[in-house]
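Chemist: need a structure here:
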Amino acid sequence: MGEQDENAFEMRSSALFQDSVEGLDMRIRSRLTQARSAALEAAATRRPWAFFGGKMWTPAAGVTAAAILGVALWVGSPLRDHPVSSPEPQSSFEDLDLLAASDEGSPDAMEMLQDDIDFYDFADKTAISGPAA
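Modeler: So this is what the prediction gives:
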């Protein structure tokens, strides 16, 4: 639309509105004026409860709820409650086989086993009983 068309449209709309207002009964015009005044007065007065129950607190409540949910999920994580499972302990025969098979021609592995037999016995008993609490 051109500028002339917009001006013509605006003038025609204004004229039609004025005609419709002038065509109203005085009683109806009075009631409309009273209703308008009452609405403006009600909008001008500040309500004390509007501060607490309005749109202002909605975003803050949403952020707070999301933060609480995040903390609850982080603290109550199932990864924290379950210990990491360790592989099943091997038998001492398998350990001996590993030592003996590492250097078949070398007597050093068997000598090492004989020198530290008390340590290996302690380690075997600790593995069977589980970690100390």
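Chemist: Domain map for this protein?
Modeler: Domains of the chain are assigned by automatic domain parsing as 9-46, 92-129.
Chemist: Check those domains for me: which has the lowest mean pLDDT.
Modeler: Lowest mean pLDDT of those: domain 92-129, a mean of 70.
Chemist: Okay, buried residues for the helix or strand that contains Thr33 please.
Modeler: When secondary structure is defined by DSSP states H and E, Thr33 falls within helix 26-44. In terms of neighbour count (16 or more other CB atoms under 10 Å), helix 26-44 has no buried residues at all. (C-beta placed from N, C-alpha, C; glycine too.)
Chemist: which residues touch it?
Modeler: By CB atoms under 8 Å, 6 or more residues apart in numbering, the list of residues contacting helix 26-44 from outside reads Val21, Leu24.
Chemist: Tell me the helix or strand right after it.
Modeler: That would be, after helix 26-44 and using DSSP H and E, helix 57-75.
Chemist: From Phe17, how far out is Thr64?
Modeler: Using CB to CB, to the nearest Å, Thr64 is found at 49 Å from Phe17.
Chemist: next one: Arg36
Modeler: For Arg36 relative to Phe17 (CB to CB), the value is 15 Å.
Chemist: ok, Gln18 - contacts?
Modeler: So Gln18 contacts nothing (CB under 8 Å, 6+ apart).
Chemist: mind checking which helix or strand it is in?
Modeler: helix 3-22.
Chemist: got the angle for that helix vs helix 26-44?
Modeler: 110 degrees (axes from the mean of the first three to the mean of the last three CA atoms, to 10 degrees).
Chemist: CA atoms only for helix 3-22 - export them in CSV, please.
Modeler: What follows is helix 3-22, C-alpha atoms only, in CSV (Å, rounded to 0.1, in the frame of the first residue of the first chain):
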residue,chain,number,x,y,z
GLU,A,3,1.2,6.4,1.7
GLN,A,4,-1.9,7.9,0.2
ASP,A,5,-3.7,4.6,0.5
GLU,A,6,-2.8,4.4,4.2
ASN,A,7,-3.9,8.0,4.9
ALA,A,8,-7.2,7.4,3.1
PHE,A,9,-7.7,4.1,5.0
GLU,A,10,-6.9,5.9,8.3
MET,A,11,-9.3,8.8,7.7
ARG,A,12,-12.1,6.4,6.6
SER,A,13,-11.6,4.3,9.7
SER,A,14,-11.6,7.3,12.0
ALA,A,15,-14.8,8.6,10.4
LEU,A,16,-16.6,5.3,10.7
PHE,A,17,-15.5,5.1,14.4
GLN,A,18,-16.8,8.6,15.1
ASP,A,19,-20.1,7.9,13.4
SER,A,20,-20.5,4.7,15.5
VAL,A,21,-19.7,6.6,18.7
GLU,A,22,-22.1,9.4,17.9
